[in-house]
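Q: generate coordinates for the sequence data below:
(2 chains)
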There are 2 protein chains.
Amino acid sequence: MPYELYYWDGIQGRGEFVRLALEEAGAKYIDKCRSSTGTQSMMEFLKGSHGHDQMPFAPPFLKDGELVISHVANILLYLAPKLGLVPDDEKSRLIANGLQLTITDFVAEVHDTHHPISTGDYYEDQKNEAKARSAAFIKDRLPKFLGYFERMLAGDPAPNGFIVGNGLTYVDLSLFQVIEGLHYAFPNAMKALEKDYPRLSSLRDSVAKRTSIAAYLNSERRLPFSESGIFRHYPELDCGD
Amino acid sequence: MPYELYYWDGIQGRGEFVRLALEEAGAKYIDKCRSSTGTQSMMEFLKGSHGHDQMPFAPPFLKDGELVISHVANILLYLAPKLGLVPDDEKSRLIANGLQLTITDFVAEVHDTHHPISTGDYYEDQKNEAKARSAAFIKDRLPKFLGYFERMLAGDPAPNGFIVGNGLTYVDLSLFQVIEGLHYAFPNAMKALEKDYPRLSSLRDSVAKRTSIAAYLNSERRLPFSESGIFRHYPELDCGD
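A: Sure, this is the predicted structure:
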């Protein structure tokens, strides 16, 4: 039975971190909300129509038989061993989950650059605050997060191109998505910073070239970045070029 | 060997969710940064002095022998089976982790009520934006999160006072802390809302009365809430009484 991924229709958003893992592994899955009745079906889970064991707080969630799993990091924790995207040992899995949760925090901060006051209001109604938050994000938070991942990629004892263990994990795929998204949202800031994070740039390039991922990125299944997602390009929030 | 918990000295903060689990179970642990050399020792891990397998992005982290585990939800995922604070079956554990990650998001939103623009700047420098964010938080987000947890506590088929399975889990302890913290930070808002969430109030009371937790709350190990933590009481951010 294929996995069923439930996420808001029409955007990459947080669902994309799950899609990349499923695509890399060639797993069978249905992107439910891209069918005509998918969104209605998703809302029924959120309303609790299937009982409180299958009532996530928010999308994305994954259905695998009777299991309904919510939150990106939790979904990837569940999927990665089945998809061969994490080493077998407990230590590596705990490190991978810790890194994925750091990515979760990073992504939430990216979201809040365009919605610093209220997720329920329009960007246009909080544009000045968004400018202030984005300036602080670019100055302080972006280098802090990127610097951390770059140091992790520097490896111990030697760099091998992967952030956990000796092969590709779901964390590498998520980092690819974050770097892609940041280049979309803040092209000037990222251009200025890029030279300081050569290992992250190299990871981004090598993930994009993987056979399954390259095929996915060229398919209609890969939705474009847009101003409805997490990574939004509002030129006034970027720094000058 | 006792567990070693590393977290910023002098505040409850995110470390408190881990402390509550350790205290409930009567586990042996050292709250490292409450000793004179603890903070220096913590900074060495963050700098990478112990290698990149032991280099968290931020506190809290837990050291158990050679394992260094970061992020609250990851620490609790690791500890809970050992401490008897989660059922044995995979489904319950995935639900518990999903709930804990919803709490993680909730806590991050609480933090941003007083720091909506920049974590690196003082509250006083973003007070107007904090008022706007807090108003949106109290109006929209607080009822959304509390309503979700209340619905989960309503149970399926019948309420039993616990949010996962038939007994206490680490998620109940974390919910206790969130409700306590919200009453400290937003006493007027919580007083107005309390009647709508009777199961959460009841959970808070029953956790506070547990033998281990009651002893902990009365000890010097329980730090007070303060305006250095996540849950801060700034009267101007609360609604009118």
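Q: next helix or strand past the longest helix seen in chain A?
A: Determined from DSSP state H, the single longest helix within chain A is helix A:90-114. Following helix A:90-114 in sequence order, the next helix or strand is helix A:127-136 (DSSP states H and E).
Q: buried residues in that next one?
A: Across helix A:127-136, burial judged by 16 or more other Cβ atoms under 10 Å in any protein chain shown covers A:129, A:130, A:131, A:132, A:133, A:134, A:135, A:136. Every C-beta, even on glycine, is put in place using the N, C-alpha and C of the backbone.
Q: just checking, what packs against the helix or strand following that helix?
A: Moving toward the C-terminus from helix A:127-136, the next helix or strand (DSSP H and E) is helix A:142-153. Secondary-structure packing of helix A:142-153 (3 or more Cβ pairs under 8 Å, 6 or more residues apart in numbering or on different chains; DSSP states H and E): helix A:90-114, helix A:187-193, helix A:198-209.
Q: now the shortest one: how far from the chain's centre is it?
A: Using Cα atoms, centre = their mean, to the nearest Å, we find the averaged C-alpha position of helix A:187-193 to lie 20 Å away from the chain's own average C-alpha position.
Q: is it anywhere near chain B?
A: No: contact of helix A:187-193 with chain B (Cβ under 8 Å from any Cβ of the partner chain) is absent, the minimum separation being 15.7 Å.
Q: that helix: which residues count as buried?
A: By neighbour count on 16+ other Cβ under 10 Å, the buried set for helix A:187-193 is A:189, A:190, A:193.
Q: pick the one among those residues closest to chain B.
A: Closest to chain B out of the buried residues of helix A:187-193 is residue A:189 (15.7 Å), distances taken as Cβ to the nearest Cβ.
Q: which ones are touching that closest one?
A: Residue A:189 is in contact with A:138, A:142, A:182, A:238, A:239, counting by Cβ atoms under 8 Å, 6 or more residues apart in numbering or on different chains.
Q: go on, residue A:7?
A: Residues in contact with residue A:7 (Cβ under 8 Å, 6+ apart) are A:13, A:14, A:15, A:18, A:31, A:32, A:33, A:42, A:59, A:60.
Q: related to what we said a few turns ago, want to try a markdown table for the contacts of residue A:189, with neighbour count as columns?
A: Shown next, in a markdown table, are those (neighbours: other Cβ atoms under 10 Å in any protein chain shown):
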| residue | neighbour count |
| --- | --- |
| A:138 | 21 |
| A:142 | 21 |
| A:182 | 23 |
| A:238 | 18 |
| A:239 | 16 |
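Q: re the thing from before, next one: the longest helix of chain A to chain centre, how far?
A: Chain-centre distance of helix A:90-114: 9 Å, with Cα atoms, centre = their mean.
Q: before we move on, what about stretch A:169-185?
A: Taking the mean of its C-alpha atoms, stretch A:169-185 sits 6 Å from the chain's own mean (Cα atoms, centre = their mean).
Q: got the CA positions of it in PDB?
A: Presented in PDB, the C-alpha positions along stretch A:169-185 are these (Å, rounded to 0.1, in the frame of the first residue of the first chain):
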ATOM      1  CA  THR A 169      20.600  10.700   5.000                       C
ATOM      2  CA  TYR A 170      17.300  12.500   5.100                       C
ATOM      3  CA  VAL A 171      19.000  15.400   6.800                       C
ATOM      4  CA  ASP A 172      21.100  16.000   3.700                       C
ATOM      5  CA  LEU A 173      18.000  16.100   1.600                       C
ATOM      6  CA  SER A 174      16.400  18.600   4.100                       C
ATOM      7  CA  LEU A 175      19.500  20.800   4.000                       C
ATOM      8  CA  PHE A 176      19.300  20.800   0.200                       C
ATOM      9  CA  GLN A 177      15.800  22.100   0.400                       C
ATOM     10  CA  VAL A 178      16.700  24.800   3.000                       C
ATOM     11  CA  ILE A 179      19.600  26.100   0.900                       C
ATOM     12  CA  GLU A 180      17.500  26.100  -2.300                       C
ATOM     13  CA  GLY A 181      14.700  27.900  -0.400                       C
ATOM     14  CA  LEU A 182      17.100  30.500   1.100                       C
ATOM     15  CA  HIS A 183      18.500  31.200  -2.400                       C
ATOM     16  CA  TYR A 184      15.000  31.800  -3.600                       C
ATOM     17  CA  ALA A 185      13.900  34.000  -0.700                       C
END
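Q: near chain B at all, that stretch?
A: No: Stretch A:169-185 stays clear of chain B (Cβ under 8 Å from any Cβ), getting no nearer than 12.5 Å.
Q: so for that stretch, what's the average pLDDT?
A: Per-residue pLDDT values over stretch A:169-185 give a mean of 98.
Q: go on, stretch A:91-100?
A: 98.
Q: what residues of that stretch count as buried?
A: Buried, per 16+ other Cβ under 10 Å, within stretch A:91-100: A:92, A:93, A:94, A:95, A:96, A:97, A:98, A:99, A:100.
Q: looks like the fifth one contacts residue A:167 (just checking).
A: By that I understand residue A:96. No: if you go by Cβ atoms under 8 Å, residue A:96 and residue A:167 don't touch, sitting 11.7 Å apart.
Q: which neighbours do those two have in common?
A: Counting by Cβ under 8 Å, 6+ apart, the shared contacts of residue A:96 and residue A:167 are residue A:87.
Q: now the buried residues of stretch A:91-100 in a markdown table, with distance to residue B:37?
A: Putting those into a markdown table (distance: Cβ to Cβ, whole Å) gives the following:
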| residue | distance to residue B:37 |
| --- | --- |
| A:92 | 30 |
| A:93 | 31 |
| A:94 | 26 |
| A:95 | 26 |
| A:96 | 31 |
| A:97 | 29 |
| A:98 | 24 |
| A:99 | 28 |
| A:100 | 31 |
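Q: distance to chain B added to those residues, as JSON lines?
A: Below are the buried residues of stretch A:91-100 laid out as JSON lines (distance: Cβ to the nearest Cβ, whole Å):
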{"residue": "A:92", "distance to chain B": "9"}
{"residue": "A:93", "distance to chain B": "10"}
{"residue": "A:94", "distance to chain B": "5"}
{"residue": "A:95", "distance to chain B": "6"}
{"residue": "A:96", "distance to chain B": "10"}
{"residue": "A:97", "distance to chain B": "5"}
{"residue": "A:98", "distance to chain B": "4"}
{"residue": "A:99", "distance to chain B": "8"}
{"residue": "A:100", "distance to chain B": "9"}
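Q: looking at those, spot the one nearest residue B:202.
A: The closest of the buried residues of stretch A:91-100 to residue B:202 turns out to be residue A:97 (Cβ to Cβ; 32.1 Å).
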